[in-house]
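Participant: this one's sequence-less:
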């Protein structure tokens, strides 16, 4: 016999876990399908200095471990798998993960967003061979070398800052003429003598066979193309929302799940929180706040409808 | 028993996740911190032809070797016959 849940939460970043903490305390016995990238983007972030309550800063993975522990304290069930598909046309909703099949009255989608690659065939061929998206993982291999970081947001600044401690030089290549990153990070990066910028420029090809040797850069204003020899390329151009498993069952807006009244998706009983519907703020603390709102709206919906 | 070598760096979150995963399954492995050991780092780059971590080498009982770049749970499970 299949058990019918009151609430299933897909995703285990700050949005999903905050939703779980509120739901568990509200006796909804939530099930969190945490996903293969459990913990979300913060698992790849080192110093988190802007989450309230941690005056000395905290490491991203530590913050997520604490949130998970807090959700577990109030009896949240975790399924450590990816969601394969959902059926939102039937009631209760049906959620399939890799090995489980769940039925639920309500659903919170907090699947966040995953890092994007440039999408060049020459880039994909050289992943691990000088092309990386994780400076804290692979930076060591570029000790005293020359690398570039592609991007202009918070992630790109953090990657550049980490690499500047190891590498001879770090060049940030950005397709615009200004950065999107928060100013504290911009100031930090601009204060490093071995970090320089190339503005209004895109990477259009990675060159090298066994190993990356150079990149082709295109000036987006003049259209001029030039080659630049490098030892490593770190991609930090942003994130795309994780919505593939929905297979078109919810309305999207610019690829993100469309919400009305803050948390409501286009199907009744489905609620949304965090980066999967937020292309503007994208902070751990805003995601956590959205998770709280989603659960409060779930409670209201269950009272009115079930 | 398959012999497993996990190449990792101190600051790499995926490496930590993979270590925790293998520990949770009670699987024994040799962990090599390449950022603390230049010789091992060189060996890894030469053997694998790449510079990414976590990098896992699994030598199976029949002598065949599986090389896995990144924390790829599905590939690890397949190589070690782990059923979840």
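Facilitator: Cool, the structure landed. Owing to the predicted nature of the structure, the values given are computational and were not obtained by experimental measurement.
Participant: quick one: low-confidence ranges for chain B?
Facilitator: Under the criterion pLDDT under 70, the flagged ranges of chain B are B:84.
Participant: ranges for the strands of it?
Facilitator: Assigned by DSSP state E, chain B shows strands spanning B:3-8, B:30-33, B:55-59, B:65-69.
Participant: Ok, which of those strands comes nearest residue A:225?
Facilitator: Minimum separation from residue A:225 across the strands of chain B (CB to CB) falls at strand B:65-69, 30.8 Å. For every residue, glycine as well, the C-beta is placed using N, CA and C.
Participant: Can you list the strands that that closest one pairs with?
Facilitator: Within its sheet, strand B:65-69 is paired with strand B:55-59 (antiparallel), according to DSSP bridges.
Participant: Count the neighbours of residue A:73 for me.
Facilitator: Using other CB atoms under 10 Å in any protein chain shown, residue A:73 has 11 neighbouring residues.
Participant: I misspoke; the intended subject was residue A:162.
Facilitator: If you count neighbours by other CB under 10 Å, residue A:162 ends up with 20.
Participant: which residues sit in contact with residue A:108?
Facilitator: Residues near residue A:108 by CB atoms under 8 Å, 6 or more residues apart in numbering or on different chains: A:7-11, A:16, A:19, A:271-273, A:291, A:294-295, A:298.
Participant: Next, format the strands of chain B as JSON lines and append mean neighbour count.
Facilitator: Shown next, in JSON lines, are these (neighbours: other CB atoms under 10 Å in any protein chain shown):
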{"stretch": "strand B:3-8", "mean neighbour count": "20"}
{"stretch": "strand B:30-33", "mean neighbour count": "15"}
{"stretch": "strand B:55-59", "mean neighbour count": "21"}
{"stretch": "strand B:65-69", "mean neighbour count": "16"}
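Participant: Tell me which of those lies nearest to residue A:245.
Facilitator: Of all those, it is strand B:65-69 that lies closest to residue A:245, at 24.6 Å by CB to CB.
Participant: what distance separates the closest one from the centre of its chain?
Facilitator: 8 Å (CA atoms, centre = their mean, to the nearest Å).
Participant: and the stretch of helix or strand residue A:63 belongs to, is it in reach of chain B?
Facilitator: In the assignment (DSSP states H and E), residue A:63 maps to helix A:60-73. Yes: using CB under 8 Å from any CB of the partner chain, helix A:60-73 reaches chain B at A:60, A:61.
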